[in-house]
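S.K.: Return atomic coordinates for the entry below.
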Amino acid sequence: MAETFDAGLSKFRESLARGNLKEAAKIREQYSLPMDLLETDVRSAFKALVDRGEYSLAADLGKAYGLDAETVREVAARSFQRKLEGEQHRAAAAYAREFDLPAQMIREAASAAFQKSMQFGLLKNAAEIAKEFDLPDDMKKEAASSAFRSYMETGLYHKALTLAKKHNLPEELIREAEKKLGK
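M.R.: The predicted model follows:
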């Protein structure tokens, strides 16, 4: 039994050293490796990932193995910044929420993702972002109104009507869509 345990520990360490966190987690579970035995290896891997600038992986590792929450959040904030700099606004917002970063960071990234989607005419995406990240009602209405106009212009009257009702758009827009549908 000790041989199997030692083999599992060795496999875990090798996997962690390669940065294969999912495989390491499976090995930990497969061999029932106790956290207190792995803590030094996990902390070393965490530090190595941070030193290499692999903040997302480091934060994932820290969260999965219960490292100091504040340290994990600091590393996650660095990863968040990188995502913003790479204009991955929606991913940054989701990441900030996952790692319990301040609400202002989530809102900032989600608003940027919303504006970018609106700018590129990705109205449905903008509406989804507004809903997913609970952006202000005026942003939700802006996306819904723009999507409504787009549907009306392309003859998708039923979609326009459904959207208008779902997002409580003004009654005159609902009537406009119903008129086109012959209701």
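S.K.: can you list the domains in this protein?
M.R.: In terms of domains, the chain is parsed into 1-52, 136-183 (source: automatic domain parsing).
S.K.: Save these as a markdown table, and put in mean neighbour count and distance to residue 79 too.
M.R.: For the C-beta atoms, the positions are set from N, CA and C on the backbone; glycine is no exception. Formatted as a markdown table, the domains of the chain follow (neighbours: other Cβ atoms under 10 Å; distance: least, Cβ to Cβ, whole Å):
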| stretch | mean neighbour count | distance to residue 79 |
| --- | --- | --- |
| domain 1-52 | 15 | 10 |
| domain 136-183 | 16 | 25 |
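S.K.: Let me know which of those domains is the nearest to residue 99.
M.R.: Nearest to residue 99 among the domains of the chain is domain 1-52; the distance by Cβ to Cβ comes to 14.3 Å.
S.K.: Give me the mean pLDDT for that closest one.
M.R.: The average pLDDT for domain 1-52 rounds to 89.
S.K.: So which residue is dead centre in the protein?
M.R.: residue 94 (2.4 Å; Cα atoms, centre = their mean).
S.K.: pLDDT score for the residue nearest to residue 144 when sequence neighbours are not counted?
M.R.: Closest residue to residue 144 apart from its sequence neighbours, by Cβ to Cβ, 6 or more residues apart in numbering: residue 167 at 3.7 Å. In this model, residue 167 is scored at 85, pLDDT.
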